[in-house]
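Asker: Turn this into a structure:
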Amino acid sequence: MARILFFTPYPAGRAPSQRFRFEQYLSLLAAHGHQYRLAPFWSVATWNILYQPGHTAAKILGLLSGFGRRLGLLLAVPAYDFVFIHREAAPVGPPIFEWLIAKGLSKRIVYDFDDAIWMQDPAGEQGLLGRLKWPQKVGAICRWAYKVSCGNAYLADYARQFNAHTMVNPTTLDTDLLHNRVRDQAPAGPPVIGWTGTHTTLRHLDLVWPVLERLEREGQAFVFHVISNAPPAHMGLRSLRYSPWRKQSEIADLLQFNFGLMPLVDDPWARGKCAFKALQYMALGMPALVSPVGMNTEVVQDGTNGFVCATDEEWYQSLRRLLASPPERVRQGAAARRTIVEHYSVASNTANFLSLFQ
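Answerer: Numbering: from 1, shown residues only. As a prediction, this is how the structure comes out:
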């Protein structure tokens with residue numbers, strides 16, 4: 001059995017990418033006899049202020065402290081069989097730690113990522129800070145890795161340029177212990193159209209605001225509920241409701257939706273998205289309406305467990321159809337739930353995940 005050291009960006013239980021890519025498998029690793037340790041770069045204190053304005057001195061101190069912890073952690077690396085690196089060992093600078101682990105200490109790296117992190121996020125840091133993130137390091141880390149774990153085929157195609165031992169390890173949901181409830185589609189007030197995401201993905205809602213406004217002008221009764229860490233700037237929709245994202249009430253909040261939206265601007269960064277919003281809606285028995293970008297078309301079968309919408313008219317017609325028909329929402333929601341249980345659940349992907357450490 002293996003000893004595994006996880007180099008993670010964030011403290012445990014805080015970030016969705018960690019929670020749904022590997023943290024929910026930790027008990028299964030232990031059940032199969034593996035031992036593990038999580039080693040976050042950011043402390044809890046720094047994480048709590050990292051995306052807030054200001055606190056510059058505390059953030060710089062947190063960054064330096066993270067580098068100090070990483071240097072100290074190198075002394076522990078020889079005791080482990082595998083080093084699992086999620087996204088990067090450090091948030092800025094060249095891949096010095098990854099090189100030392102792979103080449104200096106001859107350890108097997110399992111390298112995991114779920115975004116097109118070899119390029120800059122259009123909604124992320126720009127200018128000097130964006131360049132300091134050193135996105136070009138991703139190819140080098142892929143080359144040095146024992147195995148590369150990618151969230152979808154688009155990401156895997158990139159990684160295979162550098163490493164033939166690349167596999168698709170989709171982001172999954174625990175349909176037994178967490179996403180284990182199904183939305184009751186019986187009418188109880190106006191239907192709720194939902195969207196959830198972070199402030200960096202709010203830009204994609206620009207694709208659907210005009211359609212929602214058209215439906216509202218026509219007298220369609222609905223609520224558009226946005227759950228995020230920041231409210232949308234758009235003010236032209238009377239039916240808009242905003243709720244801040246809270247981990248403690250995450251599932252209960254999502255269950256207020258009748259169906260969910262995942263519009264995506266078609267650009268190279270968005271093509272690396274792993275359909276996570278759609279997976280969450282569908283796991284809770286809701287149809288998902290998505291743009292035909294990235295992994296979305298692998299998960300959503302148009303008219304079966306949701307709709308794939310490429311134009312304003314397709315968004316409009318799909319929304320009208322689901323707003324008008326609770327039975328259609330029930331039918332598609334049941335199919336959506338089956339899709340997740342069979343293909344994107346922890347249970348269905350356990351053997352695939354464990355194979356990373358063979």
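Asker: Output the helix or strand containing residue 329 as PDB, nothing but the C-alphas.
Answerer: Using DSSP states H and E, residue 329 sits in helix 326-343. What follows is helix 326-343, C-alpha atoms only, in PDB (Å, rounded to 0.1, in the frame of the first residue of the first chain):
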ATOM      1  CA  PRO A 326     -43.400  20.300 -14.700                       C
ATOM      2  CA  PRO A 327     -43.800  16.800 -16.100                       C
ATOM      3  CA  GLU A 328     -41.000  17.500 -18.600                       C
ATOM      4  CA  ARG A 329     -38.800  18.800 -15.800                       C
ATOM      5  CA  VAL A 330     -39.500  15.500 -13.900                       C
ATOM      6  CA  ARG A 331     -38.700  13.300 -16.900                       C
ATOM      7  CA  GLN A 332     -35.500  15.100 -17.800                       C
ATOM      8  CA  GLY A 333     -34.500  15.500 -14.200                       C
ATOM      9  CA  ALA A 334     -34.700  11.700 -13.600                       C
ATOM     10  CA  ALA A 335     -32.600  11.100 -16.700                       C
ATOM     11  CA  ALA A 336     -30.100  13.700 -15.500                       C
ATOM     12  CA  ARG A 337     -29.700  12.000 -12.100                       C
ATOM     13  CA  ARG A 338     -29.100   8.700 -13.800                       C
ATOM     14  CA  THR A 339     -26.400  10.200 -16.000                       C
ATOM     15  CA  ILE A 340     -24.500  11.400 -12.900                       C
ATOM     16  CA  VAL A 341     -24.900   8.200 -10.900                       C
ATOM     17  CA  GLU A 342     -23.700   6.000 -13.700                       C
ATOM     18  CA  HIS A 343     -20.900   8.200 -15.100                       C
END
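Asker: and that helix, what does it pack onto?
Answerer: Packed against helix 326-343 by the contact rule (3 or more CB pairs under 8 Å, 6 or more residues apart in numbering; DSSP states H and E) you find strand 259-262, helix 276-283, helix 312-324, helix 346-354. Quick note: C-beta positions are derived from backbone N, CA and C, even for glycine.
Asker: Ok, which of these comes nearest residue 62?
Answerer: Residue 62 lies closest to helix 276-283 among those, at 26.7 Å (CB to CB).
Asker: Residues in contact with the closest one: which ones?
Answerer: Contacts to helix 276-283, defined as CB atoms under 8 Å, 6 or more residues apart in numbering, come from residues 16, 20, 171-173, 175, 179, 194-197, 254, 257, 259-262, 287-288, 290, 296, 299-300, 305-306, 333, 336-337, 339-341, 344-345.
Asker: And for stretch 168-184?
Answerer: Contacts of stretch 168-184 (CB under 8 Å, 6+ apart): 17, 20-21, 24, 112, 114, 149-153, 156, 251, 255, 257-258, 274-276, 279-280, 283-286, 295, 333, 337, 340-341, 343-349, 352-353, 356.
Asker: Buried ones in it, by neighbour count?
Answerer: In terms of neighbour count (16 or more other CB atoms under 10 Å), stretch 168-184 has its buried residues at 168, 169, 170, 171, 172, 173, 174, 175, 179, 182, 183.
Asker: Setting aside sequence neighbours, what's the nearest residue to the first one?
Answerer: Translated: residue 168. Closest residue in space to residue 168, ignoring its immediate chain neighbours: residue 156 at 5.1 Å, by CB to CB, 6 or more residues apart in numbering.
Asker: try the fifth one
Answerer: Taking CB to CB, 6+ apart, and ignoring the residues beside it in sequence, residue 172 has residue 349 as its nearest neighbour in space, at 4.7 Å.
Asker: For the one you found, give me its contacts.
Answerer: 169, 170, 172 are the contacts of residue 349 under CB under 8 Å, 6+ apart.
Asker: before we move on, what about residue 268?
Answerer: Remark: with contacts taken as CB under 8 Å, 6+ apart, residue 268 is in contact with 116, 119.
Asker: Which strand or helix spans it?
Answerer: Using DSSP H and E, residue 268 maps to neither a helix nor a strand.
Asker: partner residues bridging residue 84?
Answerer: residue 6, residue 110 (DSSP bridges).
Asker: Surely it and residue 4 touch.
Answerer: Yes - taking contacts as CB atoms under 8 Å, residue 84 lies within contact range of residue 4: 5.8 Å.
Asker: Where does pLDDT dip in this structure?
Answerer: Counting by pLDDT under 70, the ranges of the chain that qualify are 124-131.
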